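1. Give me a 3D structure for the following:
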Amino acid sequence: RYFRRRDTQAVMQALLRQTSKAAGRAALFSPSPPGGVQSCLGGVRHIGQVGVPENYGQIKDGGPGTKFLGTPDNHRELLARRPISPDVLDIDGKAHYKFPIVALSSITNRVTGCVLSGAVGFGGLVSVAGGPEALPAFIEGYKALVPILVFPTKMVFSFPFVYHTLGGFRHIYWDKTMKGIDNDSAKMSSIALFVASGGLTAALASYTF
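-> The predicted structure is shown next:
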């Protein structure tokens, strides 16, 4: 990195020296305005011992821009066509990659964490607003009002709890043993995590309490 920085600094200094010499020649060989050469160089500032035109690297006021560095004329169009970050979609909108099971497992872990936080927050607000008996009364009222939705609702709330809990155990195992983090092992544990979470969720949703 040290040598890379030195090479970059040397290139920039050479460019600045060339720009300074060009500005000096333009001032010396052009008709002198009132005030002489110093007036011609009035638009030149100094960085260290090297003179740099005020419009250096700019094009809005007639400066050279960065074309001398190899910037193409259609660079604005190219910038607009860059893929989004992270690089999931290509310029034509097609996906570069398929989501592997490990990525889906990681995303699901974060989503279930958000769902759990929201559910706990909702329950807390109901209890604060209506007292300690408000949340059980709300649940019983919901069960009596739409009994057909009881099982799906229990599935919706059970899955985040089960999945996030099992995923937490997996992370504890990873952190403590440093095993199972390779691609093949993570893929197998992600499949097992989804299967186990689905089975336990169905069992919890089927349980009547």
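2. drop to CA atoms for contacts and neighbour counts, all remaining ones
-> OK.
3. So Ala186 versus Gly168, what's the distance?
-> 14 Å (CA to CA, to the nearest Å).
4. So those two - more neighbours on which side?
-> For Ala186 versus Gly168, the count of surrounding residues by other CA atoms under 10 Å is larger for Ala186: 19 against 13.
5. Now do the host helix or strand of the more buried one: which elements does it pack against?
-> Using DSSP states H and E, Ala186 sits in helix 183-206. Contact partners of helix 183-206 among helices and strands, from 3 or more CA pairs under 8 Å, 6 or more residues apart in numbering; DSSP states H and E: helix 101-130, helix 150-177.
6. now those in JSON lines, with mean pLDDT?
-> Converted to JSON lines, those look like this (pLDDT from 0 to 100):
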{"stretch": "helix 101-130", "mean pLDDT": "93"}
{"stretch": "helix 150-177", "mean pLDDT": "93"}
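7. quick one, which of those is nearest to Leu79?
-> Leu79 lies closest to helix 101-130 among the helices and strands packed on helix 183-206, at 28.4 Å (CA to CA).
8. report the angle between the axes of that closest one and helix 183-206?
-> 40 degrees (axes from the mean of the first three to the mean of the last three CA atoms, to 10 degrees).
9. continuing past helix 101-130, what's the next helix or strand?
-> The first helix or strand that comes after helix 101-130 along the chain, using DSSP H and E, is helix 134-145.
10. that older thread, tell me which of the helices and strands packed on helix 183-206 sits most buried.
-> helix 150-177 (a mean of 16; mean count of other CA atoms under 10 Å).
11. hmm, back to that, alpha carbons only: can I get the helix holding Ala186 in PDB?
-> What follows is helix 183-206 as a C-alpha-only set of coordinates in PDB (Å, rounded to 0.1, in the frame of the first residue of the first chain):
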ATOM      1  CA  ASN A 183     -20.400 -23.600   2.500                       C
ATOM      2  CA  ASP A 184     -21.500 -27.300   2.500                       C
ATOM      3  CA  SER A 185     -22.100 -27.500   6.200                       C
ATOM      4  CA  ALA A 186     -24.000 -24.100   6.300                       C
ATOM      5  CA  LYS A 187     -26.100 -25.300   3.400                       C
ATOM      6  CA  MET A 188     -27.100 -28.500   5.200                       C
ATOM      7  CA  SER A 189     -27.800 -26.800   8.500                       C
ATOM      8  CA  SER A 190     -29.900 -24.200   6.700                       C
ATOM      9  CA  ILE A 191     -32.000 -26.900   5.100                       C
ATOM     10  CA  ALA A 192     -32.400 -28.700   8.500                       C
ATOM     11  CA  LEU A 193     -33.300 -25.400  10.100                       C
ATOM     12  CA  PHE A 194     -36.200 -24.800   7.700                       C
ATOM     13  CA  VAL A 195     -37.400 -28.300   8.000                       C
ATOM     14  CA  ALA A 196     -37.300 -28.400  11.800                       C
ATOM     15  CA  SER A 197     -38.900 -25.000  12.000                       C
ATOM     16  CA  GLY A 198     -41.700 -26.000   9.700                       C
ATOM     17  CA  GLY A 199     -42.400 -29.200  11.700                       C
ATOM     18  CA  LEU A 200     -42.300 -27.500  15.100                       C
ATOM     19  CA  THR A 201     -44.400 -24.600  13.900                       C
ATOM     20  CA  ALA A 202     -47.100 -27.000  12.700                       C
ATOM     21  CA  ALA A 203     -47.000 -28.800  16.000                       C
ATOM     22  CA  LEU A 204     -47.400 -25.600  18.000                       C
ATOM     23  CA  ALA A 205     -50.200 -24.300  15.800                       C
ATOM     24  CA  SER A 206     -52.100 -27.500  16.200                       C
END
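12. Perfect, I'm done here.
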